[in-house]
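Student: structure here, sequence nowhere to be found:
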């Protein structure tokens, strides 16, 4: 039987349409003039600081990557690693989860490091990042369990507290993914087990375990962990400093900042380009839990998301220019 491959353009279009649908959901029934009026109150110096913190995190991530590569016998400059990382984030904005491959490919072309080695190092990084996210989610749950529970409840309501005819599709999103995975695994189980992808998945899971062990064997393991905590500290302060940009959010505490950051992270995890729509809605509703009107929360979410998107777009463009310039000088 011939294999049926989903065209790349169709997959990209599907992600984009899903994002548009979630964005419509986030803004449905909202007074856009109120959102715009609230957004105009922003102090852009704090937003600029948030953008700077985001790029500093990318610089740190690039430096951390060089430690893992050096352990495997390969060397590259921090800037090449940073530029490749920026390119990966840029691709992720268009095609969710494709940035890791683009990042590895970009550095491979610049340094001729084998792609499979680069993918392996990225698996190590992602494993550690998942551990960090789980830890922060645990902290947020311990410090704001009532807020997290309220966020789940309130996403099934309108901004005024009345039941929403179509609440945020937690169930459909999770149910669709589980059902599609289970059905596909059952119908094509023999083909899946015989496919290279199945073997790669097993290698990936094994690689996650090996990745955690590998970090302990790094020559610069303390520097690796220092960069890891620094990166996630930057992610936190990217959101927290934006509280000072708006007159209606400046009073929020650091603990409430962690709660909003976790809501933002959940939005980014949903497979749509740049978390569009999901990010806006979940951050806005997290701020509703903290006592803000939905329109003000949506204004905050829109400005912060736009600032982060600008940072990622800029880092990708800088990466493309930087790697091209270095390639031209060494060719």
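Tutor: Arrived safely. Small disclaimer: the values here were computed from a predicted structure and weren't measured.
Student: just for the stretch 151-300 of the chain, where's the confidence low?
Tutor: 152-216, 269-275 (pLDDT under 70).
Student: sec struct for residue 76, please.
Tutor: Secondary structure state of residue 76, per DSSP: H, G, I helix; E, B strand; the rest coil, is coil.
Student: from what I see, residue 137 and residue 262 are in contact.
Tutor: Yes: in this structure, residue 137 is within contact of residue 262 by Cβ atoms under 8 Å, at 5.7 Å. Using the backbone N, CA and C atoms, a C-beta is placed for each residue, glycine as well.
Student: so between these two, which is more surrounded?
Tutor: residue 262 (25 against 16; other Cβ atoms under 10 Å).
Student: the closest residue in space to the more buried one that isn't next to it in sequence: neighbouring residues, count only.
Tutor: Distance criterion Cβ to Cβ, 6 or more residues apart in numbering; nearest residue to residue 262, sequence neighbours excluded, is residue 140 at 4.4 Å. Other residues lying near residue 140 total 21 when counted by other Cβ under 10 Å.
Student: check residue 265 too.
Tutor: If you count neighbours by other Cβ under 10 Å, residue 265 ends up with 18.
Student: same check on residue 89?
Tutor: As a burial measure, residue 89 scores 22 neighbours (other Cβ under 10 Å).
Student: can you check residue 32 too?
Tutor: As a burial measure, residue 32 scores 10 neighbours (other Cβ under 10 Å).
Student: and it, what's its pLDDT?
Tutor: Residue 32 is assigned a predicted lDDT (pLDDT) of 70.
Student: also residue 123?
Tutor: For residue 123, the pLDDT comes out at 80.
Student: cool, the one 3 residues further on as well?
Tutor: The score at residue 126 is 81. That number is its pLDDT.
Student: also residue 59?
Tutor: Reading off the confidence values, residue 59 has pLDDT 96.
Student: what about it, how many neighbours?
Tutor: Neighbours of residue 59 (other Cβ under 10 Å): 20.
Student: residue 129 now?
Tutor: Applying other Cβ under 10 Å, I find that residue 129 has 15 neighbouring residues.
Student: would you say it is within a helix?
Tutor: Yes: under three-state DSSP, residue 129 sits within a helix.
Student: run through the residues that contact the residue nearest to residue 262.
Tutor: By Cβ atoms under 8 Å, 6 or more residues apart in numbering, the contact set of residue 140 is 148, 258, 259, 261, 262.
Student: now, these that are in helices?
Tutor: Members of the contacts of residue 140 lying in helices (criterion: DSSP state H): 148, 258, 259, 261, 262.
Student: related to what we said a few turns ago, for the host helix or strand of the residue nearest to residue 262, which positions count as buried?
Tutor: Using DSSP states H and E, residue 140 sits within helix 115-154. Across helix 115-154, burial judged by 16 or more other Cβ atoms under 10 Å covers 117-125, 127-128, 133, 136-137, 140, 143-144, 147-148, 150-151, 154.
Student: hmm, back to that, how near is the residue nearest to residue 262 to residue 133?
Tutor: Residue 140 sits 10 Å away from residue 133, going by Cβ to Cβ, to the nearest Å.
Student: got it, and residue 324?
Tutor: Distance from residue 324 to residue 133, by Cβ to Cβ: 33 Å.
Student: I figured residue 252 was touching residue 245, is that so?
Tutor: No: in this structure residue 252 lies outside contact range of residue 245 using Cβ under 8 Å: 11.7 Å.
Student: tell me which of the two has more neighbours.
Tutor: Neighbours per residue, other Cβ under 10 Å: of residue 252 and residue 245, the larger number sits with residue 245, 22 against 19.
Student: can you put the ones in helices among the contacts of residue 140 in JSON lines and add distance to residue 268?
Tutor: Formatted as JSON lines, the ones in helices among the contacts of residue 140 follow (distance: Cβ to Cβ, whole Å):
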{"residue": "148", "distance to residue 268": "17"}
{"residue": "258", "distance to residue 268": "15"}
{"residue": "259", "distance to residue 268": "15"}
{"residue": "261", "distance to residue 268": "10"}
{"residue": "262", "distance to residue 268": "11"}
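Student: nearest to residue 82 among those residues?
Tutor: residue 261 (23.2 Å; Cβ to Cβ).
Student: so what's the residue count around the closest one?
Tutor: Residue 261 has 22 nearby residues by other Cβ under 10 Å.
Student: isn't it right up against residue 235?
Tutor: Yes: using Cβ under 8 Å, residue 261 makes contact with residue 235 at a distance of 6.9 Å.
Student: tell me the contacts of the residue lying closest to residue 257 once chain neighbours are set aside?
Tutor: Among residues not flanking residue 257 along the chain, residue 240 sits closest, at 3.8 Å (Cβ to Cβ, 6+ apart). Contact analysis of residue 240 by Cβ under 8 Å, 6+ apart lists 254, 257, 261.
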